[in-house]
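Novice: Predicted structure and sequence below. I'll ask about it afterward.
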Amino acid sequence: MSGVLLWVVCPKENASFSSLFSFIPRNGMQRRFKPGSRLKFSTGFSAVGNAVANPSISSEERVYEVVLRQAALVREQKRDRALDLKKPVETDGVVNWDLLNGAYDRCGEVCAEYAKTFYLGTLLMTPERRRAVWAIYVWCRRTDELVDGPNASHMSPKALDRWEQRLIDLFEGHPYDMYDAALSDTVAKYPVDVQPFKDMIEGMRLDLRKSRYNSFDELYLYCYYVAGTVGLMSVPVMGISPDSKASTESVYNAALALGIANQLTNILRDVGEDARRGRIYLPQDELERAGLSDDDIIRGKVTDKWRSFMKGQIKRARMFFDEAEKGVRELNSASRWPVWASLMLYRQILDAIEANDYNNFTKRAYVGKLKKLVSLPIAYGSALMGPSKLTQLVRR
């Protein structure tokens, strides 16, 4: 992607949107949901905080506390007031709605350019939800580009600290640029918690200092940071179906599972590419039990040991996809299609790894255009009908 740092400091673009700062009243924006006043857990604030406070609990338990926090926030919003997306956010300053609409439109353009399939799915959402999802997508992409983009070699922990402070500022109604302004408006309208955003930045910090993971417990936490967080950010915007009988916690847990599944799939697809960059994201203890080592991965030779190991890794990723399916059916009907499409297309990458005889060292597993074209209407049908035999057609 064209340098994310240009989005942050480009004088021309920031100057042309300098009046975006009219969003910021002198005494601060009066937001509907204030991050610091929502809910407090006695066991700690975040997944990473709990890791320090109580190292004996598993990563899944630490992450689930964030799930509970977000689910409780949604229930609080439902109890306190109905969600009126068209009502302007209350401020004691002047809001330039033309520029805010332009900021959302630019987020949509970025989403259309870099996530074409997902973008098409968002067009089925209501305009308000669509714009909010675009704003979240752009923030996540910018964050990822900080450590994986063309300027990644210049990234430092201090720069990520500054990025996190910008996040806190925009949650408090103080956006820095047009993209921040769109997200600031989004989090003011929807019951979105700041913690998943902070945790994604923590995942970027891990990429700066960590290139090996000793166990799946460690890898799970990393997958939550860089991908599971996206589900927790998005579900409050996508909405849960009013007909859903599932608990709010179970829907968010399924959204988390989809993020974990997608990231595990990324890892399995990119084993060779990551190894050439000095990164091995496979659990070290499981490699050792399989009779494999980092040297085997660097050599990149497909052996029976490697095939057996990969079968187990793929099986686990599919288990997370299966868990995710349970939650997709519970989403607002207009929001299901892009989620189903993501689930189905990513799951087919695992099939492609198998079709490549588990050679993810030199062959890149991908879903061909024809299969994508076939999958999209099936995903749409699944979104309308819920999980059915339609979904199983693509698995065959």
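Specialist: Now that the structure is in, tell me what you want to look at. Residues are numbered from 1 along each chain as shown.
Novice: secondary structure class for T186?
Specialist: helix (DSSP: H, G, I helix; E, B strand; the rest coil).
Novice: ok, it touching A135?
Specialist: Yes. Between T186 and A135 there is a contact under C-beta atoms under 8 Å: 4.6 Å. Glycine gets a C-beta too; all of them are placed from N, C-alpha and C.
Novice: what about the residue with the largest distance to the centre of the chain, distance to G291?
Specialist: Largest separation from the mean C-alpha position in the chain: D304, at 34.2 Å (C-alpha atoms, centre = their mean). Between D304 and G291 the distance is 10 Å, computed by C-beta to C-beta, to the nearest Å.
Novice: do the same with T122
Specialist: Taking C-beta to C-beta, one finds T122 at 45 Å from G291.
Novice: now swap in N360 and tell me
Specialist: Noted for N360: a distance of 18 Å to G291, by C-beta to C-beta.
Novice: Could you check the pLDDT of P127?
Specialist: The per-residue pLDDT reported for P127 equals 94.
Novice: Give me the neighbour count for the residue nearest to F216 when sequence neighbours are not counted.
Specialist: If the residues on either side of it in the chain are set aside, F216 comes closest to P283, at 4.6 Å by C-beta to C-beta, 6 or more residues apart in numbering. For P283, the neighbour count with other C-beta atoms under 10 Å is 20.
Novice: Likewise for D357?
Specialist: A total of 12 residues lie near D357 under the criterion other C-beta under 10 Å.
Novice: now do R162
Specialist: 12.
Novice: Enumerate the positions of the helix or strand where it lies that are buried.
Specialist: Using DSSP states H and E, R162 falls within helix 157-171. Within helix 157-171, the residues scored as buried using 16 or more other C-beta atoms under 10 Å are A159, L160, W163, E164, R166, L167, L170, F171.
Novice: residue ranges with poor pLDDT in the stretch 51-200 of the chain?
Specialist: Residue ranges of the stretch 51-200 of the chain with pLDDT under 70: 51-55, 77-95.
Novice: for it, what spans make up the helices?
Specialist: Counting by DSSP state H, counting those that start in this stretch, the stretch 51-200 of the chain has helices at residues 59-80, 97-114, 116-122, 127-148, 157-171, 178-189, 195-209.
Novice: With neighbour numbers in mind, choose between T122 and G291.
Specialist: Ranked by neighbour count (other C-beta under 10 Å), T122 and G291 place T122 first, with 23 against 12.
Novice: Report whether the expected contact of that one with A135 is present.
Specialist: No. Using C-beta under 8 Å, T122 is not in contact with A135; the gap is 11.3 Å.
Novice: Give me the residues contacting the helix holding R162.
Specialist: Here helix 157-171 makes contact (C-beta atoms under 8 Å, 6 or more residues apart in numbering) with 31, 35, 143, 146, 175-176, 180-181, 183-184, 187, 194, 197-198, 201, 204-205, 208-209.
Novice: One more pass at 7 Å, please.
Specialist: Helix 157-171 has contacts (C-beta atoms under 7 Å, 6 or more residues apart in numbering) with 35, 143, 146, 176, 180, 183-184, 187, 194, 197-198, 201, 204-205, 208.
Novice: Give me the contact list for stretch 257-272.
Specialist: Stretch 257-272 has contacts (C-beta under 7 Å, 6+ apart) with 220, 223-224, 226-231, 281, 297, 300, 313-314, 316-317, 320-321, 323-324, 343, 346, 349-350, 353, 360-362, 364-365.
Novice: So which of those residues sit within strands?
Specialist: With DSSP state E as the criterion, strands contain none of the contacts of stretch 257-272.
Novice: Now which of those would you call buried?
Specialist: Applying 16+ other C-beta under 10 Å to the contacts of stretch 257-272 flags 220, 223-224, 226-231, 281, 297, 313-314, 317, 320-321, 323-324, 343, 346, 349-350, 353, 360-361, 365 as buried.
Novice: And for E288, the neighbour number?
Specialist: 11.
Novice: Please, which helix or strand holds it?
Specialist: helix 284-289.
Novice: how about that helix: buried residues?
Specialist: Q284, E286, L287.
Novice: I'd like these as TSV, with distance to R129 and pLDDT appended.
Specialist: Formatted as TSV, the buried residues of helix 284-289 follow (distance: C-beta to C-beta, whole Å; pLDDT from 0 to 100):
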residue	distance to R129	pLDDT
Q284	41	98
E286	40	98
L287	42	98
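Novice: so can I have TSV of these showing distance to R336?
Specialist: Listed next are these as TSV, based on distance: C-beta to C-beta, whole Å:
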residue	distance to R336
Q284	38
E286	34
L287	37
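Novice: of those residues, closest to P127?
Specialist: Checking those against P127 with C-beta to C-beta, the nearest one is E286 at 46.0 Å.
Novice: Find the nearest non-adjacent residue to the closest one, please.
Specialist: In space, E286 is closest to F216, 6.8 Å off (C-beta to C-beta, 6+ apart).
Novice: Nice, that's everything, thank you.
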